[in-house]
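Engineer: the sequence isn't on hand, but the structure is:
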């Protein structure tokens, strides 16, 4: 089985961060609503709003599981990435982790990747910067990082 690329782990941690640490309990993350309006905890793990606070170690376990799922979906929908440089796989695993397998499955981005049209894939990737109906600066930066990995 293919391992989650280290670059995907680093991207997810960098852009998700270990968020919402309460002052009263500084070692734990609390559930919060992400900019796209979803209840989230730790490193961007979707959760129920009543989820109990978690430690950073628990967040790492969630992240590893979420990234494995994103990797599986990425390779299912973009099988060409199995033979491409690892950075390309990492970029799309991070995209899938961030936005969900359904978004990748139905996207023009997927088609461009499977055509190995890397400039076209970069153009498509840069369109995915909206959350809650508005451009989110953090997503602009994240997509730029992912795009740089596609152009290796």
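Structural biologist: Arrived safely. Predicted model, so just to flag it, every value in this text is computed and none were measured.

Engineer: in stretch 87-105, what counts as buried?
Structural biologist: Using 16 or more other C-beta atoms under 10 Å as the test for burial, stretch 87-105 gives 87-99, 101, 104. The way it works is simple: take the backbone N, C-alpha and C, and place the C-beta from them, glycine included.

Engineer: narrow those residues to those in strands?
Structural biologist: Judged by DSSP state E, the buried residues of stretch 87-105 include no members of strands.

Engineer: of these, closest to residue 47?
Structural biologist: Nearest to residue 47 among the buried residues of stretch 87-105, counting by C-beta to C-beta, is residue 97 at 14.8 Å.

Engineer: wait, the closest one touches residue 70, no?
Structural biologist: Yes: with contact defined as C-beta atoms under 8 Å, residue 97 counts as touching residue 70 (3.9 Å).

Engineer: shared neighbours, these two?
Structural biologist: Common contacts of residue 97 and residue 70 (C-beta atoms under 8 Å, 6 or more residues apart in numbering): residue 8.

Engineer: can you tell me the element the residue of the chain positioned farthest from its centre falls in?
Structural biologist: In the chain, residue 24 marks the outermost C-alpha relative to the chain mean, sitting 29.3 Å out by C-alpha atoms, centre = their mean. Using DSSP states H and E, residue 24 maps to neither a helix nor a strand.

Engineer: from residue 32, how far off is it?
Structural biologist: The spacing between residue 24 and residue 32, counted by C-beta to C-beta, to the nearest Å, is 15 Å.

Engineer: and if you look at residue 126?
Structural biologist: For residue 126, the distance to residue 32 - C-beta to C-beta - is 27 Å.

Engineer: tell me where this structure has helices.
Structural biologist: 6-16, 56-77, 86-99, 101-105, 108-114, 118-125, 137-150 (DSSP state H).

Engineer: gap between the first one and the chain center?
Structural biologist: Its chain's average C-alpha position is 8 Å from that of helix 6-16, according to C-alpha atoms, centre = their mean, to the nearest Å.

Engineer: tell me what it is packed against?
Structural biologist: helix 56-77, helix 86-99, helix 137-150 (3 or more C-beta pairs under 8 Å, 6 or more residues apart in numbering; DSSP states H and E).

Engineer: contact partners for the closest residue to residue 69 other than its chain neighbours?
Structural biologist: If the residues on either side of it in the chain are set aside, residue 69 comes closest to residue 101, at 7.6 Å by C-beta to C-beta, 6 or more residues apart in numbering. Shown in contact with residue 101 (C-beta under 8 Å, 6+ apart): 69, 70, 73, 74, 76, 77.
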